[in-house]
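>>> Sequence first, then the predicted structure:
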Protein chains: 2
Amino acid sequence: MDRIVECVPNYSTGRDPGLLERIAGCFRGKEGVKLLDYTSDVDHNRSVVTVVGEPLSIKKAVLESVKVALDSIDMRQHTGAHPRMGAVDVIPFIPIKGVSVEEAIALSREVGQAVGELGIPVYLYEKSATRPDRENLANIRKGQFEGLKEKMAKEGWESDFGPKSPHETFGAVVIGARMPLVAFNVNLGTSDIKVADEIARKVRHIGGGLRFVKAMGVSLTERKQVQVSMNLTDFSKTSIYSALENVRFEARRYGVSVVGTEIVGLVPLKALSDSLEYYMGLENFSADQILETRLME
Amino acid sequence: MDRIVECVPNYSTGRDPGLLERIAGCFRGKEGVKLLDYTSDVDHNRSVVTVVGEPLSIKKAVLESVKVALDSIDMRQHTGAHPRMGAVDVIPFIPIKGVSVEEAIALSREVGQAVGELGIPVYLYEKSATRPDRENLANIRKGQFEGLKEKMAKEGWESDFGPKSPHETFGAVVIGARMPLVAFNVNLGTSDIKVADEIARKVRHIGGGLRFVKAMGVSLTERKQVQVSMNLTDFSKTSIYSALENVRFEARRYGVSVVGTEIVGLVPLKALSDSLEYYMGLENFSADQILETRLME
């Protein structure tokens, strides 16, 4: 596959394995689509599918899954610990390979239009947002399914696609393009949580730190260490090595060392090769030189 | 593909594009086989094919190419700058993914037996060698095609498979399993070639340095720098970072810094992730966490 997007749709069902299988079936074994993972959370009453593939194939498969949710989920009966406003709650598109952010935005708009034509209101978020107060998912979802009718009637909250009031059983869905998240943790040679908290405060964006870093301190009780736990929300602009070196020099003022690091979950190759180039002083390195990337072509 | 070997067969033809296409055709579009590259050198009168795939599919394709060479190349008419002893001169098998060295050795022996049954003498080399003086390709090939009849009659030089004297038109072929080579260069902040030569001498195996490093000094005239140019012959035992750090500390005695590094050609992901783990202090990192590797499964 030359062009790959990732899609991580969230469905408001977590207690019905049969329905989850029908949703997963929209992605499984389809040409140009690779189902990487799907999981349910019973407390959240929510399922998350992780899928990658060619933009058009992904579009077809995700629309099929929206129809399954439309036919099977009644949000009026839905309870769960996780905030939600629709039977499919959010559909992020993430550019992975050979796809620009602009193309991912265009894809999200095409899917949004098609979902709108099913009679479901659509809000565009993140990079696809049509206004600044729609960039943040939590902001759009505030009030949840139960408050949706009232919210949509307010000025400034008309949908981007589809009807101007909620679908009776589905609610509404949030769709958009975003960059891949990288979950990156740095372990420190101290058990003092205040040190991790202070460093987290300095390196994260809201504290005056790096533009695309969210961070918090975490105690690793068994290891008797603390951790600066970070989310890098755009690794193409804020690199992993940059986050690490910022934590390292902040830690120095407490006489504390970095004792280890951790990447949680999936990470795009580019995020790693970028840091490898930095630490090794690599010149003119291209991901095409990695044997495994040649096998994917 | 769960199990991947690389194969880099060398053919004694470099001036016949039609024949090269017929050889490449043995690999192109075959189930379980991916043709990565093929090139000819007119001076060497030699072609090199780079192919990856499932062991059994690779075996079938490479045997087909041996038959094409057997039918088309007459070594009695062959001249070229590169040493050679057969129409297919050498067939290395390199374990890439989900394949152990032992399995690559077994594969090389199976191919060797099948080639032997075509009436072609086979010598096993590198990890597949049946005796220490056959590990080194140059040692087996010494005397070349022209000296083969005499060499094979000598004690200690009977073939591992096939007839005990050369094939009249084909000669003989060398087959075996070896680790992937990593070509890794370190640029130094000096134009004094003696510094690069001295460092190369210290870091390479024959000089008392790292077990799987070959190294030499090279002048980068335009850049007014010198380079320690290295081949890592088993990166699973001698890591890239280890080669780099050895060059760095040797350079220190000349007051010289490392100003850049370079990886030439293809490199297996594991060779890179190993160095990334070292420089970033990554714990419990697995190549399965790289999004792109999940796309290959």
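Looks like it arrived, so ask away.

>>> give me the element the one residue in chain A that gets nearest to chain B is part of.
Taking C-beta to the nearest C-beta, chain B has its nearest neighbour within chain A at residue A:279, 3.6 Å off. Placement of C-beta: from N, CA and C, glycine included. Using DSSP states H and E, residue A:279 maps to helix A:269-280.

>>> after that helix comes which helix or strand?
helix A:291-295.

>>> Quick check: which helices or strands does that next one pack against?
strand B:33-41, strand B:46-53, helix B:291-295 (3 or more C-beta pairs under 8 Å, 6 or more residues apart in numbering or on different chains; DSSP states H and E).

>>> doesn't residue A:210 make contact with residue A:242?
Yes. At 6.3 Å, residue A:242 and residue A:210 qualify as touching, with contact defined as C-beta atoms under 8 Å.

>>> in chain A, what secondary structure element scores lowest on mean pLDDT?
helix A:291-295 (a mean of 76; mean pLDDT, DSSP states H and E).

>>> re the thing from before, switch the helices and strands packed on helix A:291-295 over to TSV; also include mean neighbour count.
Listed next are these as TSV, based on neighbours: other C-beta atoms under 10 Å in any protein chain shown:
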stretch	mean neighbour count
strand B:33-41	17
strand B:46-53	23
helix B:291-295	21
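
>>> Following the chain onward from whichever strand or helix holds residue A:148, which element is next?
Assigned by DSSP H and E, residue A:148 belongs to helix A:148-153. Reading on from helix A:148-153 to the C-terminus, the next helix or strand found by DSSP H and E is strand A:173-177.

>>> and that next one, what does it pack onto?
Strand A:173-177 packs on strand A:88-97, helix A:101-116, strand A:122-126, helix A:137-141, going by 3+ C-beta pairs under 8 Å, 6+ apart.

>>> Nearest to residue B:130, out of those?
strand A:88-97 (44.4 Å; C-beta to C-beta).

>>> Tabulate the CA atom coordinates of the closest one in CSV.
Taking Å, rounded to 0.1, in the frame of the first residue of the first chain, the C-alpha atoms of strand A:88-97 are listed here in CSV:
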residue,chain,number,x,y,z
VAL,A,88,-20.5,6.1,16.8
ASP,A,89,-19.0,8.7,19.0
VAL,A,90,-15.8,9.8,17.3
ILE,A,91,-14.1,8.9,14.0
PRO,A,92,-10.4,10.1,13.9
PHE,A,93,-8.4,9.8,10.7
ILE,A,94,-4.6,9.8,11.1
PRO,A,95,-2.2,10.2,8.2
ILE,A,96,0.4,7.4,8.3
LYS,A,97,2.2,7.0,5.0
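
>>> OK, contacts around the closest residue to residue A:90 other than its chain neighbours?
Take residue A:90 and drop its neighbours on the chain: the residue closest to it by C-beta to C-beta, 6 or more residues apart in numbering or on different chains is residue A:174, 4.5 Å away. Residue A:174 makes contact with A:85, A:86, A:89, A:90, A:91, A:122, A:123, A:124, A:125, A:137, A:140, A:141 under the criterion C-beta atoms under 8 Å, 6 or more residues apart in numbering or on different chains.

>>> Next, the contact list for the residue of chain A closest to chain B, please.
By C-beta under 8 Å, 6+ apart, the contact set of residue A:279 is A:241, B:275, B:276, B:279, B:280.

>>> now residue A:123
A:134, A:140, A:159, A:160, A:172, A:173, A:174, A:175.
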